[in-house]
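**Q** below is the structure, and that's it, no one-letter string:
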């Protein structure tokens, strides 16, 4: 039989690239990821504002952004801003979105950070306000645009693995906890595990039940409950998904040798796939990888490769998806409404670990 192993791993780009983008926030994720990706794709950042105007001015100079506003509200009033790109902590984000919808005369779309909010209720309020204002809302679930994650989605869609049986992600990596994360009610679940939980939803859909366990990270000195996260997602169709989100990885920074990586694996009735995520090597540009084998092409491991990397290339995809949705008059695949279910899944994992019980997703999707 003919077998074409070429995979759809890159995002679709919009026809119109000159929508005026107003950037809220000037930290690492905006400076080193969003704006690098936007220039690479030919998008059009026209204005920026941050909590610290001097930081916004520095980033504007670095990336050639024409206008720096002294306040976020001043940027929201800027008529040249058609698309709002928000990169602020999750506890501060809903308030900015609520203020942004008051400028629906010129703001047509918003790309928010993940999670959209720290509760399903706050997220739903933002979704409803944007819908009422006619504003397209997307959420920057950027791991969906990692090249290996997206390529596997294509493989699953083509049926090359058959029915999914088991999906696993094993993360042994040390994240940089931002200062704003210290005051959140959840640390690892809503900041780190959310990547993997959303990826499982992207691959397999929303599960019915969750089991989870957590413990504090010995290296992280500020008070927190959820550091190292272990969880299992149960689907009524029999599929299981599980992740070990290990932010400790041993005393690597305290003198031992390191063994840092992120690996994933998906087994199906007709094949299996395995991959690595290049992010732990950042700022070194290390592409993620994918190997797969299928009964439809027996006897082979297929190993597609690409030059693109998660950070910053995936951030082309999140903005591109929003702009395509704006052009097409459709809901983005990373819509605010979709993110409600990812937030609910995070809440379910947090509750399952804290309360030592199996929880159902119905409890958190009311």
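**A** Perfect, thanks for sending it. On a predicted model such as this, the values are computed, not experimentally measured, just so you know.

**Q** contacts and neighbour counts: CA atoms only from here.
**A** Fine.

**Q** so where's the chain shaky on pLDDT?
**A** 1-3 (pLDDT under 70).

**Q** one more time with 80
**A** 1-5 (pLDDT under 80).

**Q** any idea where the helices of the protein begin and end?
**A** Under the criterion DSSP state H, the chain contains helices at 28, 35-41, 53-63, 72-76, 93-100, 120-133, 147-158, 188, 194-204, 314-328, 336-355.

**Q** residue 4: which of those is closest?
**A** Proximity to residue 4 (CA to CA) singles out helix 147-158 among these, at 10.9 Å.

**Q** buried sites along that closest one?
**A** 147-156 (16 or more other CA atoms under 10 Å).

**Q** who does that helix touch, helix- and strand-wise?
**A** Packing partners of helix 147-158 (3 or more CA pairs under 8 Å, 6 or more residues apart in numbering; DSSP states H and E): helix 194-204, strand 271-276, strand 289-294.

**Q** what angle do that helix and strand 289-294 make?
**A** Interaxial angle, helix 147-158 versus strand 289-294 (axes from the mean of the first three to the mean of the last three CA atoms, to 10 degrees): 20 degrees.

**Q** got the contact list for the spatially most central residue of the chain?
**A** The residue lying closest to the centre of the chain (CA atoms, centre = their mean) is residue 141, at 2.2 Å. Contacts for residue 141 (CA atoms under 8 Å, 6 or more residues apart in numbering) come out as 113-114, 195, 198, 318, 334.

**Q** will you turn the helices and strands packed on helix 147-158 into CSV that also has mean neighbour count and distance to residue 305?
**A** Below are the helices and strands packed on helix 147-158 laid out as CSV (neighbours: other CA atoms under 10 Å; distance: least, CA to CA, whole Å):
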stretch, mean neighbour count, distance to residue 305
helix 194-204, 21, 20
strand 271-276, 21, 11
strand 289-294, 21, 6
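
**Q** now these in CSV, with distance to residue 169?
**A** CSV is the format used below for these (distance: least, CA to CA, whole Å):
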stretch, distance to residue 169
helix 194-204, 7
strand 271-276, 9
strand 289-294, 13
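
**Q** for residue 66, find the nearest of these.
**A** That would be, of the helices and strands packed on helix 147-158 and by CA to CA, helix 194-204, which comes in at 32.8 Å.

**Q** the closest one versus helix 336-355: what angle between them?
**A** Using the same axes, to 10 degrees: helix 194-204 against helix 336-355 is 120 degrees.

**Q** against which helices or strands is helix 194-204 packed?
**A** helix 147-158, strand 164-172, helix 336-355.

**Q** so what secondary structure elements neighbour the longest one?
**A** To tie it back to what came earlier, the one meant is helix 336-355. Using 3+ CA pairs under 8 Å, 6+ apart, helix 336-355 is in contact with helix 120-133, strand 136-139, helix 194-204, strand 209-215, strand 359-360.

**Q** run through who's touching the third one.
**A** Translated: helix 194-204. With CA under 8 Å, 6+ apart as the criterion, helix 194-204 contacts 115, 141-144, 149, 152-153, 156, 164, 167, 169, 206-207, 241, 243, 342-343, 345-346.

**Q** could you redo the last one with a cut-off of 7 Å?
**A** With CA atoms under 7 Å, 6 or more residues apart in numbering as the test, helix 194-204 has contacts from 143-144, 153, 342, 346.

**Q** kindly report the same for the last one.
**A** With CA under 7 Å, 6+ apart as the test, strand 359-360 has contacts from 208-211, 348, 352.

**Q** make TSV from the helices and strands packed on helix 194-204 and add distance to residue 250 to it.
**A** Listed next are those as TSV, based on distance: least, CA to CA, whole Å:
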stretch	distance to residue 250
helix 147-158	27
strand 164-172	9
helix 336-355	22
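
**Q** most tightly packed of the ones you listed?
**A** helix 336-355 (a mean of 24; mean count of other CA atoms under 10 Å).

**Q** check the offset of that helix from the chain's centre.
**A** How far helix 336-355 lies from its chain's middle: 14 Å, per CA atoms, centre = their mean, to the nearest Å.

**Q** tabulate the helices of the chain (JSON lines), appending distance to residue 179.
**A** As requested, the helices of the chain are exported to JSON lines (distance: least, CA to CA, whole Å):
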{"stretch": "helix 28", "distance to residue 179": "12"}
{"stretch": "helix 35-41", "distance to residue 179": "22"}
{"stretch": "helix 53-63", "distance to residue 179": "16"}
{"stretch": "helix 72-76", "distance to residue 179": "20"}
{"stretch": "helix 93-100", "distance to residue 179": "16"}
{"stretch": "helix 120-133", "distance to residue 179": "22"}
{"stretch": "helix 147-158", "distance to residue 179": "29"}
{"stretch": "helix 188", "distance to residue 179": "14"}
{"stretch": "helix 194-204", "distance to residue 179": "18"}
{"stretch": "helix 314-328", "distance to residue 179": "23"}
{"stretch": "helix 336-355", "distance to residue 179": "21"}
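
**Q** tell me which of the ones you listed sits nearest to residue 277.
**A** Nearest to residue 277, of the helices of the chain and by CA to CA, is helix 147-158 at 7.5 Å.

**Q** so what's residue 310 up against?
**A** 146-147, 279.

**Q** one step back: among the helices and strands packed on helix 194-204, which is nearest residue 216?
**A** Taking these one by one with CA to CA, helix 336-355 is closest: 11.8 Å.

**Q** which residues does the closest one contact?
**A** Here helix 336-355 has contacts from 115-116, 119-120, 123-124, 127, 137-139, 189-190, 194, 197-198, 210-214, 358-359, 361, 364-365, using CA under 7 Å, 6+ apart.

**Q** can you pull the contacts of the nearest residue to residue 138 once chain neighbours are set aside?
**A** In space, and not counting its chain neighbours, residue 138 is closest to residue 335: 4.2 Å by CA to CA, 6 or more residues apart in numbering. Counting by CA under 7 Å, 6+ apart, residue 335 touches 137-139.
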